[in-house]
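# build the 3D model from these lines:
(2 chains)
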There are 2 protein chains.
Amino acid sequence: MINEMMYGLGSKRSCIRELFEYGLRQAAVVGKDNVFDFSIGNPSIPSPPEVNEAFVSVIRDRDSLSVHGYTTAGGDDGARAAVAADLNRRFDAHIRPQNLFFTCGAAPALIAAIRALAVPEAEILAIAPYFAEYRPFVEANGAAFIAVPPDTDSFQIRLDALEALLTPRTQGVIVNSPNNPSGVIYTRETLGCLAEILTRKGREFGHPIYILADEPYRELAYDGAEPPFIPNLYPDTVVCYSYSKSLSLPGERIGYVCVPDQAADSGRLYAAIAGAARVMGHVCAPSLQQLVVGLCAASRPDLAAYDKNRTALYEALTSYGYRCVKPNGAFYMFVKAPGGDAQAFSDRAKEKNLLVVPGGDFGCPDYFRLSTCVSYGMIQRSLPVFRELIREY
Amino acid sequence: MINEMMYGLGSKRSCIRELFEYGLRQAAVVGKDNVFDFSIGNPSIPSPPEVNEAFVSVIRDRDSLSVHGYTTAGGDDGARAAVAADLNRRFDAHIRPQNLFFTCGAAPALIAAIRALAVPEAEILAIAPYFAEYRPFVEANGAAFIAVPPDTDSFQIRLDALEALLTPRTQGVIVNSPNNPSGVIYTRETLGCLAEILTRKGREFGHPIYILADEPYRELAYDGAEPPFIPNLYPDTVVCYSYSKSLSLPGERIGYVCVPDQAADSGRLYAAIAGAARVMGHVCAPSLQQLVVGLCAASRPDLAAYDKNRTALYEALTSYGYRCVKPNGAFYMFVKAPGGDAQAFSDRAKEKNLLVVPGGDFGCPDYFRLSTCVSYGMIQRSLPVFRELIREY
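Prediction:
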């Protein structure tokens, strides 16, 4: 007898993955240059060179038993100290190494925080458009998933709608900025208003409402934008971070949870996150990757290629008549579907070997997502297809 | 508001970890050579040299984007093919690469299998002595934990007691051989009888009872012992494997689940394991480690040091009057506590800076565990303390 929920979660292919694999098959038929795949968010710029140098030097120069040995569950002390120092320097924060808990990427970090907060009847909010995996992450781990409807003018936050959804059962709000799929960074003003609401409602309910800041795209910001460090605006913030995008290490599964001292009940919350991680099979994050991150804590990606893609695609598409909030972060664009039905648009585009992700699973069924972490050449080749498609509407 | 179960799991220190950290503190007081720490199971032989060479060559010689990129959830195709070929060659098995699902070590592999089988009222059995983490792994993931009492004559399986505990709700039996903490390998005869019982009772109940074969110590066998490949004896077996011990990579978090085609409902079970992994935050196992394991699938550890430790400790302790089943696998010994209360013995030993783990959490409160993955010199220095202790009883 098999758990039907888990079977459903494992057998229903993600739409993104299906498109991506369709693209690979089509490339074999029509040629690689004639498939325009904007489906998947796999970094297309390589890791900074010092990252690969760090991998080699750790293996070559350090004691093998120590490099490959267990670290404590929270992580290697030196690596945590390096990351804490970098955060404190950049954000004028007061993170201690012991506030950090290294994880196998941002996904288990976020899920451990969700499980730590999953008291009976717990509700976790996410703000549309939201990363599609949030719903199963929450629903399969003991809480109810509540979607805040989107502000489609700017893809900031509909604060009135969010406030109306807060209840005494609300345990947390997932905040993902720079945002997947919109590419938008929540402004300091937006986050300040959110903090005010959560503070007020938390007092009313008699318990804190945590912000779960899911920040794999923190370092991917353009036009001089600086994503605010949310713990500086709202104390009850748990940061979930990943090096997947910032160091182009998505497969290497290295990230962390940070529970600052200032967060309500921070010691108990950190312990509960550690307990949740334990029964998710976390022993430690990959030790080699921890050491590399410790050596490269101050490294930042070279974003020129993503920025060039973003600008080229945004300017071309809007000139053809597509409607899109200009992204200033991450490597996505979220475009209004001509005709209003993104699934139908995606299906029609697919016939022309143009692969775009319909926004239903992101909570916005009339938008589609483009990943802009692709080659510039593919963008150029795809533009006539985008133009042709909108003319059909 | 914080989930109390998770808080409890995260705040209660493991006895092993406490002893280990006590040892580090005492070493600063009385000197490193005067602390005899048998608490922790961290490999003490380094990785085979080809493993570190593989790490360097993958980083140096392959495309960085591809090395560090996402693999599919199940894992890199080439690495899975290499592991499947190695299993088939050694065990005359018929594992396809698609039967393998790489995970961040054996713990999340086992937990994903548990969640996949966690239907309402599910029961999972474990056989004492058992790895202490099995209980929280099962209880926090939707099933009831049922302990089969130990066969203290041989640390094989009390098959009569096991059969009596099978009910229509039994979904799986965790089999850990070579065993932590006893170091014993279940014989082909024991496993054959277990298979017969599970087959018969599964038919009676109208659904399969899976064996969850937790095999991090598979390659650690002595005296010519060969741990049977359990899927060859019982079709409904899910293998959970880790390279932590076989390649001395415990911190690197690389292992797999294997669901052979022959297992009942294998396609649905594999999908449910993938679904469970997804909501545990699994995206893929660390990609670099996958590639290294693919290159080193046929590597085996040099066990001479563990074997020497095992023999020296077993012979000395039994000559002093300790009772112990001679281990032929893993790197543990499970010794009957003089006086019958292992906690009291451990406390008394601790006063002499000898650190041994009392067996309560392993389901055997009258035994203590020794990790033999230590230095031979420490074993020699510890022997007078063992002798002195038993003379006090």
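
# where exactly do the strands run in chain A?
In chain A, the strands defined using DSSP state E lie at A:36-37, A:100-103, A:123-127, A:144-148, A:170-175, A:210-214, A:237-242, A:255-258, A:332-336, A:354-355, A:357-358, A:367-371.

# can you list those strands in a markdown table and add distance to B:Cys258 and mean pLDDT?
C-beta coordinates here come from the backbone N, C-alpha and C atoms, glycine included. Formatted as a markdown table, these follow (distance: least, CB to CB, whole Å; pLDDT from 0 to 100):
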| stretch | distance to B:Cys258 | mean pLDDT |
| --- | --- | --- |
| strand A:36-37 | 32 | 96 |
| strand A:100-103 | 25 | 98 |
| strand A:123-127 | 34 | 98 |
| strand A:144-148 | 33 | 98 |
| strand A:170-175 | 34 | 98 |
| strand A:210-214 | 32 | 98 |
| strand A:237-242 | 28 | 98 |
| strand A:255-258 | 27 | 98 |
| strand A:332-336 | 36 | 98 |
| strand A:354-355 | 33 | 97 |
| strand A:357-358 | 32 | 97 |
| strand A:367-371 | 33 | 98 |
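
# closest to chain B out of these?
strand A:170-175 (6.5 Å; CB to the nearest CB).

# tell me which strands and helices that closest one is in contact with?
Under the contact criterion of 3 or more CB pairs under 8 Å, 6 or more residues apart in numbering or on different chains; DSSP states H and E, strand A:170-175 touches helix A:106-117, strand A:123-127, helix A:188-205, strand A:210-214.

# deepest of those, which one?
For the helices and strands packed on strand A:170-175, average neighbour numbers computed from mean count of other CB atoms under 10 Å in any protein chain shown are highest in helix A:106-117, which has a mean of 29.

# and of the helices and strands packed on strand A:170-175, who's closest to chain B?
Relative to chain B, the nearest member of these by CB to the nearest CB is helix A:106-117, separated by 3.0 Å.

# run through the neighbouring helices and strands of the closest one.
Helix A:106-117 sits against strand A:100-103, helix A:134-139, strand A:170-175, strand A:210-214, strand A:237-242, strand A:255-258, helix A:266-278, helix B:4-11, with contacts defined as 3+ CB pairs under 8 Å, 6+ apart.

# would TSV of those with distance to A:Asn328 be doable?
Output for the helices and strands packed on helix A:106-117, formatted as TSV (distance: least, CB to CB, whole Å):
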stretch	distance to A:Asn328
strand A:100-103	27
helix A:134-139	22
strand A:170-175	16
strand A:210-214	18
strand A:237-242	20
strand A:255-258	23
helix A:266-278	31
helix B:4-11	37
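
# among those, which comes closest to B:Glu196?
In terms of CB to CB, the element of the helices and strands packed on helix A:106-117 nearest to B:Glu196 is helix A:266-278, at 35.5 Å.

# specify the angle between that closest one and strand A:210-214 in degrees.
50 degrees (axes from the mean of the first three to the mean of the last three CA atoms, to 10 degrees).

# so A:Leu249 makes contact with A:Pro48?
No - look at A:Leu249 against A:Pro48 with CB atoms under 8 Å: they stay out of range, at 10.2 Å.

# higher neighbour count, these two?
Neighbours per residue, other CB atoms under 10 Å in any protein chain shown: of A:Leu249 and A:Pro48, the larger number sits with A:Leu249, 29 against 18.

# A:Tyr332 - nearest residue in space that isn't next to it in sequence?
A:Gly183 (4.5 Å; CB to CB, 6 or more residues apart in numbering or on different chains).

# can you report phi and psi for that neighbour?
Backbone torsions for A:Gly183, taken as degrees, to the nearest 10, come to phi 70, psi 10.

# and for the one 3 residues further on?
With angles defined as degrees, to the nearest 10, A:Tyr186 shows backbone torsions of phi -70, psi 130.

# which residues does it contact?
A:Tyr186 makes contact with A:156-157, A:175, A:177, A:179, A:194, A:227-228 under the criterion CB atoms under 8 Å, 6 or more residues apart in numbering or on different chains.

# which of these has the most neighbours?
A:Ser177 (27 neighbours).

# I'd like the distance between the closest residue in space to it that isn't next to it in sequence and A:Tyr332.
Nearest residue to A:Ser177, sequence neighbours excluded (CB to CB, 6+ apart): A:Tyr186, at 4.1 Å. To A:Tyr332, A:Tyr186 is 15 Å away according to CB to CB, to the nearest Å.

# got phi/psi on the residue nearest to A:Asp265 when sequence neighbours are not counted?
Counting by CB to CB, 6+ apart, B:Ile2 is the residue found nearest to A:Asp265 once chain neighbours are left out, at 6.2 Å. With angles defined as degrees, to the nearest 10, B:Ile2 sits at phi -120, psi 140.

# surely B:Ile2 is in contact with A:Ser266?
No - B:Ile2 is beyond contact range of A:Ser266, at 10.5 Å (criterion: CB under 8 Å).

# so between those two, which is more surrounded?
Shown here are B:Ile2 and A:Ser266; by other CB under 10 Å, B:Ile2 has more neighbours (22 against 16).

# what does the stretch 251-393 of chain A put close to chain B?
Within the stretch 251-393 of chain A, the residues that sit near chain B (CB under 8 Å from any CB of the partner chain) are A:251-254, A:265, A:268-290.

# so which elements touch the lowest-mean-pLDDT helix or strand in chain A?
Of all helical and strand segments in chain A, the minimum by mean pLDDT, DSSP states H and E falls on helix A:15-30, at a mean of 89. Secondary-structure packing of helix A:15-30 (3+ CB pairs under 8 Å, 6+ apart): strand A:36-37, helix A:342-351, strand A:354-355, strand A:357-358.

# and these as TSV, adding mean neighbour count?
Converted to TSV, the helices and strands packed on helix A:15-30 look like this (neighbours: other CB atoms under 10 Å in any protein chain shown):
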stretch	mean neighbour count
strand A:36-37	22
helix A:342-351	18
strand A:354-355	22
strand A:357-358	26
